[in-house]
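A.B. asks: Build me a structure from this.
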Amino acid sequence: MSLIVQKFGGSSVADAEGIKRVSARIAETRKAGHDVVVVVSAMGDTTDELIDLAESVSTVPAPREMDMLLTAGERISMALVAMAIRSLGISARSFTGSQAGMITDEKHGAARIVDVTPGRVREALDEGDVAIVAGFQGFNRATGDITTLGRGGSDTSAVALAAALNADVCEIYTDVDGIFTADPRVVKKAHKINRVTSEEMLELAANGAKVLYIRAVEFARRHGVTIHVRSSFNHNEGTIVYNPTEGQTVEEPIITGVAGDLSEAKIVVVGVPDVPGTAAKIFTIIANAGINIDMIVQNVSAAATGLTDISFTLPKTEGKKALAALDGAKAELSFADVVYDDEIGKLSVVGAGMRTNAGVSAQLFTALSDAGINIEMISTSEIRISVITSDADLTRAMQVVHTAFGLDSTEEAQVHGGTGR
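C.D. replies: Model prediction:
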């Protein structure tokens, strides 16, 4: 008998029929002799609807009360799934995040898991029950308050429970058949990847691939959890995200996948004095504002003026905050101007085989050049190359690069519904 953690997203439990379909899958796994822990998201667009409702009664909802409100979505899902499973003759018991032992820090809306003590879940399993756990939520011991984990919270909840319970696998169910070489909604000829390393998946998730969130992949990598991403609409094998064991020899593909991201903006600080310490001051101001940045480029200074330009990318949601922080420090930093551009897209190619294969950069830039697509910024890691283009060019850029690296399938990818979450 193995222990399997199964996570079902909002599109999988969007309505009564979806809940029945999911419950039949869970019951089937239990009847096969496995212990099963299930983590569920809120139904369909429930979370967005609750956010809209909160904003209709308060212009600035209190973070504590927002968490109390949002956790209701997953509590509805967990109870309905437990009811549906019991109607199939399988004993099931539902738990909130706090009841399941998800201990977090006190940051409302973006809490981090600090411990998992799943005593009640383990007890339910020992008594033959399927344990249904509300994802996305936890409990802070110091304040006694309920917290939510932020984006990808249910994925993170599932992986954390799998680690704490020493599960054999954590199955993440979605509305596509696994992890693809690109978003199949954008690149129709993308094909499913059978196996991908956690290192590659981290890069893909960090650069726009939405099928798994980076926090869940980080947690799985750190704690040795194997993830199986698969569809809740069929029984096909999906994609295994694994941690290669030390000394394991695997011939990695040169390029595993192509990711696109439209969530970033670019700031150019123009006319910066090119003297030691200026860049440090700029990025200290940005850091003190609580803003994470991604790519950075500094131009060579002009000999005549001794001035340079510094460009960086950041989430669009942080744009106004960054502009305000820089404007407040303009006199101190003595720069000429700040230019903000939120009409950009980031294209990334990822593959562990880059380490041992030359010419990937040349092939990428040639494909984009032949398509007439301009590159504004470039960033690299050992297994990733990212470029900034205009947002209008991103879809076409993903398609031509996918083709250029020989990743196209002969058939169009099938998407069963929803958004991939």
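
A.B. asks: Show the contacting residues for the closest residue to G128 other than its chain neighbours.
C.D. replies: Of all residues not flanking G128 in the chain, S91 sits nearest, at 5.9 Å (CB to CB, 6 or more residues apart in numbering). The way it works is simple: take the backbone N, C-alpha and C, and place the C-beta from them, glycine included. Contacts of S91 were listed using CB atoms under 8 Å, 6 or more residues apart in numbering, and they are 127-130.

A.B. asks: all strands of the stretch 51-200 of the chain, in order?
C.D. replies: All strands of the stretch 51-200 of the chain, identified by DSSP state E, counting those that start in this stretch, fall at 92-95, 102-104, 113-116, 130-134, 137-139, 146-148, 169-174, 195-197.

A.B. asks: For stretch 162-179, what does the pLDDT average out to?
C.D. replies: Average pLDDT, stretch 162-179: 93.

A.B. asks: those helices in this protein, which residues are they?
C.D. replies: 16-31, 46-57, 63-86, 119-126, 153-164, 198-206, 214-223, 278-288, 319-328, 330-333, 360-370, 394-404 (DSSP state H).

A.B. asks: Output the contacting helices and strands for the shortest one.
C.D. replies: This means helix 330-333. Secondary-structure packing of helix 330-333 (3 or more CB pairs under 8 Å, 6 or more residues apart in numbering; DSSP states H and E): strand 264-273, helix 278-288.

A.B. asks: which residues touch it?
C.D. replies: Outside helix 330-333, the residues within contact range by CB under 8 Å, 6+ apart are 269, 272-273, 278, 281-282, 285, 326.

A.B. asks: and G359, how many neighbours does it have?
C.D. replies: Other residues lying near G359 total 10 when counted by other CB atoms under 10 Å.

A.B. asks: now do E28
C.D. replies: 14.

A.B. asks: contacts for stretch 400-415?
C.D. replies: Contacts of stretch 400-415 with the rest of the structure, by CB under 8 Å, 6+ apart, involve 175-177, 180-182, 184-185, 187-192, 254-255, 257-258, 347, 349, 363-364, 366-368, 370-371, 373.

A.B. asks: actually stretch 161-170, not the one I typed
C.D. replies: By CB under 8 Å, 6+ apart, the surrounding residues in contact with stretch 161-170 are 2-5, 7, 37, 39, 100-102, 116-118, 121-122, 125, 133, 158-159, 219-220, 223-228.

A.B. asks: gap between the two ends of that stretch?
C.D. replies: Taking CA to CA, to the nearest Å, stretch 161-170 runs 9 Å from one end to the other.

A.B. asks: and if you look at stretch 306-321?
C.D. replies: By CA to CA, the extent of stretch 306-321 from end to end equals 28 Å.

A.B. asks: Looking at that stretch now, give me its mean pLDDT.
C.D. replies: Averaged across stretch 306-321, pLDDT comes to 94.

A.B. asks: what bits of the stretch 101-250 of the chain have low per-residue confidence?
C.D. replies: Along the stretch 101-250 of the chain, segments meeting pLDDT under 70 span 246-250.

A.B. asks: Can I get the buried part of the contacts of S91 as one PyMOL selection?
C.D. replies: The PyMOL command for the buried members of these (criterion: 16 or more other CB atoms under 10 Å) is given here:
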select buried, resi 129+130
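
A.B. asks: out of the contacts of S91, who's nearest R21?
C.D. replies: The closest of the contacts of S91 to R21 turns out to be V130 (CB to CB; 15.7 Å).

A.B. asks: Just to check, the closest one is in contact with I26?
C.D. replies: Yes - between V130 and I26 there is a contact under CB atoms under 8 Å: 6.1 Å.

A.B. asks: any common contacting residues for the two?
C.D. replies: Common neighbours of V130 and I26, using CB under 8 Å, 6+ apart, are 36, 38, 85, 90.

A.B. asks: so how far is A324 from the third one?
C.D. replies: The one in question is I85. Distance from I85 to A324, counting by CB to CB, to the nearest Å: 50 Å.
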